[in-house]
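> Could you look at this predicted model? Sequence included:
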Amino acid sequence: MLLITTPNALHRVPDADPSLLDGVGPVSPDTARQICCDADITPITVRNGAILDVGRSRREPTAAQRKAVIARDQTCVGCAAPAVRRQIHHIRWWRHHGTTDLDNLTLLCWSCHHNVHHNNWTITRKPDGRYTAQPPGRPDPPDLTDHRHST
């Protein structure tokens, strides 16, 4: 899948050229941002219609990082559903200079990932290292960890 976009298109700057999804056509800024979140990005510098530079991909987590996030989170951190179609999400978004390291990655199902990007859900890290995703204004979910110790 190839998405052609610009920062202006992603940030809804008036009169910006629309983002184009190969084989589909123009897509909304929200759809383009969602695709960018899950994409392997290759920046290409264009000036006056000429391609000046083709950068390299740098956003996608490695296979080892993916496995580590899945092992740590196990289910979607928003709804606890077994995320059959797992998506790894940058907590501090890549476009906001978020890093691709384990402390900035978490596991979300498609629905919760959509809510983070489009409905202002937030992801927080609890003192025990677990992550949660929740809608705005919702209190933290109760801690269901079994704190009893066997003797």
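Structure's in. What do you need?

> which secondary structure element contains the residue positioned nearest the centre of the chain?
Centroid check for the chain by Cα atoms, centre = their mean gives H89 as the closest residue, at 3.4 Å. According to DSSP states H and E, H89 maps onto strand 87-90.

> How about the residue nearest to the centre of the chain: what's its closest non-neighbour residue?
Spatial nearest neighbour of H89, chain neighbours left out: L108 (4.8 Å); criterion: Cβ to Cβ, 6 or more residues apart in numbering. Bear in mind the C-beta positions are built from the backbone N, C-alpha and C, glycine included.

> Can you pull out the low-pLDDT segments for this protein?
Residues of the chain meeting the criterion pLDDT under 70: 38, 40-47, 50-59, 83, 139-151.

> for the lengthiest helix in it, which positions count as buried?
In the chain, assigned by DSSP state H, the helix with the most residues is helix 63-73. For helix 63-73, a neighbour-count test (16 or more other Cβ atoms under 10 Å) marks V69, D73 as buried.

> repeat for stretch 14-24
Neighbour counts over stretch 14-24 (16+ other Cβ under 10 Å) mark S19, L20, L21 as buried.

> End to end on it, go ahead and measure it.
End-to-end distance for stretch 14-24: 22 Å, by Cα to Cα, to the nearest Å.

> one step back: does anything pack onto the strand holding H89? Which helices or strands?
For strand 87-90, the elements it packs on are helix 63-73, strand 105-108, helix 110-118, judged by 3 or more Cβ pairs under 8 Å, 6 or more residues apart in numbering; DSSP states H and E.

> which strands and helices sit next to the first one?
Just to be clear, that refers to helix 63-73. Judged by 3+ Cβ pairs under 8 Å, 6+ apart, helix 63-73 is in contact with strand 87-90, strand 105-108.

> Other residues contacting it?
When contacts are defined by Cβ atoms under 8 Å, 6 or more residues apart in numbering, helix 63-73 is touched by residues P61, R86, I88, T100, D101, L102, L105, T106, L107, G129, Y131.
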